[in-house]
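**Q** with the sequence up front, the predicted model follows.
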Amino acid sequence: MTLADIYQSPLVVDIAIGFIVLETLALWAFRQVTGRGLAIQDVLLTILSGLSLMLALRCALTPGLWPGMALFLITAGLAHGADMRARAKAKQDDS
């Protein structure tokens, strides 16, 4: 399999999803070990939104999975909306 084959297949999205999962685990572990860094609950909606977009792309690249694509796009939109609402509420509480 060549590099061009990888970039033209769903495998590249699988790799990106793997990095998102590893990054989330690393953030959690760093916080657990050091007590510093980002708390997972502070970035969970952002992670969910990005992961949902990657899963929607994965479905789009796989023939016959358009219902999954629609579901993950809806999930991404809801997570993004909830994230924006939480950030606006936190900013309002700070002032």
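**A** Good, I have the coordinates. A quick note: this is a predicted structure, and the numbers were derived from the prediction, not measured.

**Q** select the longest helix from the chain.
**A** In the chain, assigned by DSSP state H, the helix with the most residues is helix 66-94.

**Q** so how far is that helix from its chain's centroid?
**A** 11 Å (C-alpha atoms, centre = their mean, to the nearest Å).

**Q** can you tell me what sits against the lowest-mean-pLDDT helix or strand in the chain?
**A** None of the helices or strands of the chain scores lower by mean pLDDT, DSSP states H and E than helix 3-7, at a mean of 81. By C-beta atoms under 8 Å, 6 or more residues apart in numbering, the list of residues contacting helix 3-7 from outside reads 12, 15. For glycine as for every other residue, the C-beta is placed from the backbone atoms N, C-alpha and C.

**Q** please shift the residue numbers so they start at 40 in all later answers.
**A** In the new numbering, first residue 40, that becomes helix 42-46.

**Q** following element in sequence after it, please.
**A** helix 50-73 (DSSP states H and E).

**Q** show the average pLDDT along stretch 69-78.
**A** Across stretch 69-78, the average pLDDT comes to 93.

**Q** tell me who's in contact with A68.
**A** By C-beta under 8 Å, 6+ apart, the contact set of A68 is empty.
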